[in-house]
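Chemist: Mind looking at a prediction? Sequence and model below.
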Amino acid sequence: MQTTPFLLLISVLVCSVQPFRLIPSGKSFVANRNSLSKSLPAQPGTIATEEPQTRLPRDYRSFTFRNKYKINYDVSCAGSDKPPILLIHGFGGSINHFRYNEPVLTDAGYNVVRVDLLGFGASDKPPPSGDLEYNMELFAEVSKELIDHVEAETEVVEGRKWIVGGNSIGGLTSLMVARELEERCRGVVLFNASGGMTSFRYEELPLLARPILWLLQNVILKQFGNGFWNNFKQPENVEQILKSQVYANNNTNVDDELLSIILDPSYDEGAREVFLAVFGGEPGPTPEEVLKDLGNNVKILALWGTGDLWTPLEKGLHPGSKFGEMINQEKGVEYKLVRLPGAGHCPMDEVPDQCHEALLPWLKDLK
């Protein structure tokens, strides 16, 4: 089954056997590549204080969403006539999770746009309210409006058909954006894709498992959300989850830069409320539902790690190996699956070279 929320909850609860270790909210965890042992706390309860030598920026450009929310995004213009590419991060990610992909794609002549979804990265993090619900439809709306904004502001991409790519919930968002763009979208790239936002659907679960989901959403998150959040964002806990589950077969790129990418936004105002809202929110449409609606000769490339524990390729409720059976071939939709042996949930960062070996020729062949 799609195990993202369950595994994440269990992981944090296991870490929670120790007393909660709080880091002052005014301090941001900072780190630089290749100095993980220096920047992480040496012992439980201590706080890393060493300043980094290098660090990726968080703030790039911005546009205003719904006339009030700042959305952080970046545009790397190669100045060519190739299709523009929008990259959408997953749950807990940000623009910089595509740190290895943007330079390669730009060097290959593509105009690359990366976005921090509302509630993530350096974008605003407003609390959920009557007119703002964190769900998949919101993420698709942000992404679609960004495309409209970039087209209006950047002549080099005006009138071009887009390629939309994403990881995890960013993958599902990419499919939804492609559905909205219709003839303006040429292709979709899935770096693994989730079956929903982060939650299960009651109707998909066995009867005995449904009370567990209810307990998670209505008791654990509501009653113990603060402690859950504070423990989740401890550097040592995040590192443990990344190494044991997310990058389970190749920890090379689980460095202090990655921890900074994930942890720095957690100290922004509103980050806790967004995290809990997304974690306990509605799952949204299934990928199968969206795939059936795609048309206009859209080509889909799925780069899927075979070792992904959170959105398994072969098993579960929405396995990527079955996505090709859901497309509407009569509308010219094509689905190509590339299995990345042993790679985990974030292949674009864990095994970027393998992703590029499959991605660049596919992009070149798009007509």
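Modeler: That came through fine.

Chemist: quick one: the strands in the chain?
Modeler: Secondary structure of the chain (DSSP state E): strands located at 61-65, 69-76, 85-88, 112-115, 162-168, 185-193, 299-305, 334-340.

Chemist: now those as TSV including mean neighbour count?
Modeler: C-beta here means a position set from N, CA and C on the backbone, and glycine is covered the same way. Shown next, in TSV, are these (neighbours: other C-beta atoms under 10 Å):
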stretch	mean neighbour count
strand 61-65	15
strand 69-76	19
strand 85-88	28
strand 112-115	26
strand 162-168	28
strand 185-193	27
strand 299-305	25
strand 334-340	17
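
Chemist: For those, please prepare TSV with the additional fields mean pLDDT and distance to Ile147.
Modeler: Output for the strands of the chain, formatted as TSV (pLDDT from 0 to 100; distance: least, C-beta to C-beta, whole Å):
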stretch	mean pLDDT	distance to Ile147
strand 61-65	97	11
strand 69-76	97	10
strand 85-88	98	6
strand 112-115	98	8
strand 162-168	98	6
strand 185-193	97	9
strand 299-305	97	18
strand 334-340	97	22
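
Chemist: Export those to JSON lines and append columns for distance to Val290.
Modeler: Formatted as JSON lines, these follow (distance: least, C-beta to C-beta, whole Å):
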{"stretch": "strand 61-65", "distance to Val290": "22"}
{"stretch": "strand 69-76", "distance to Val290": "22"}
{"stretch": "strand 85-88", "distance to Val290": "14"}
{"stretch": "strand 112-115", "distance to Val290": "19"}
{"stretch": "strand 162-168", "distance to Val290": "12"}
{"stretch": "strand 185-193", "distance to Val290": "10"}
{"stretch": "strand 299-305", "distance to Val290": "11"}
{"stretch": "strand 334-340", "distance to Val290": "12"}
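
Chemist: can you give me the helices in this structure?
Modeler: 4-15, 36-39, 101-107, 136-153, 169-181, 210-215, 221-232, 235-241, 256-263, 271-279, 287-293, 347-350, 352-365 (DSSP state H).

Chemist: lowest-confidence stretch among those helices?
Modeler: Among the helices of the chain, helix 36-39 carries the lowest mean pLDDT, a mean of 34.

Chemist: hang on, the earlier thing: got the helices of the chain as JSON lines, with distance to Lys161 columns?
Modeler: Listed next are these as JSON lines, based on distance: least, C-beta to C-beta, whole Å:
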{"stretch": "helix 4-15", "distance to Lys161": "31"}
{"stretch": "helix 36-39", "distance to Lys161": "41"}
{"stretch": "helix 101-107", "distance to Lys161": "16"}
{"stretch": "helix 136-153", "distance to Lys161": "11"}
{"stretch": "helix 169-181", "distance to Lys161": "8"}
{"stretch": "helix 210-215", "distance to Lys161": "40"}
{"stretch": "helix 221-232", "distance to Lys161": "39"}
{"stretch": "helix 235-241", "distance to Lys161": "38"}
{"stretch": "helix 256-263", "distance to Lys161": "30"}
{"stretch": "helix 271-279", "distance to Lys161": "30"}
{"stretch": "helix 287-293", "distance to Lys161": "18"}
{"stretch": "helix 347-350", "distance to Lys161": "22"}
{"stretch": "helix 352-365", "distance to Lys161": "12"}
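
Chemist: nearest to Ile327, of the ones you listed?
Modeler: helix 287-293 (5.4 Å; C-beta to C-beta).

Chemist: Flag every buried residue along that closest one.
Modeler: 287-288, 290-291, 293 (16 or more other C-beta atoms under 10 Å).

Chemist: and which of these is nearest Met136?
Modeler: Val290 (9.3 Å).

Chemist: residues contacting that closest one?
Modeler: Neighbouring residues of Val290 by C-beta atoms under 8 Å, 6 or more residues apart in numbering: 172, 175-176, 179.

Chemist: and if you look at Arg61?
Modeler: 72-75.

Chemist: with the residues you listed in mind, which one is nearest to Leu146?
Modeler: Tyr73 (5.8 Å).

Chemist: what separates the residue nearest to that closest one when sequence neighbours are not counted from Val142, distance-wise?
Modeler: In space, and not counting its chain neighbours, Tyr73 is closest to Val115: 4.6 Å by C-beta to C-beta, 6 or more residues apart in numbering. For Val115, the distance to Val142 equals 7 Å [C-beta to C-beta, to the nearest Å].
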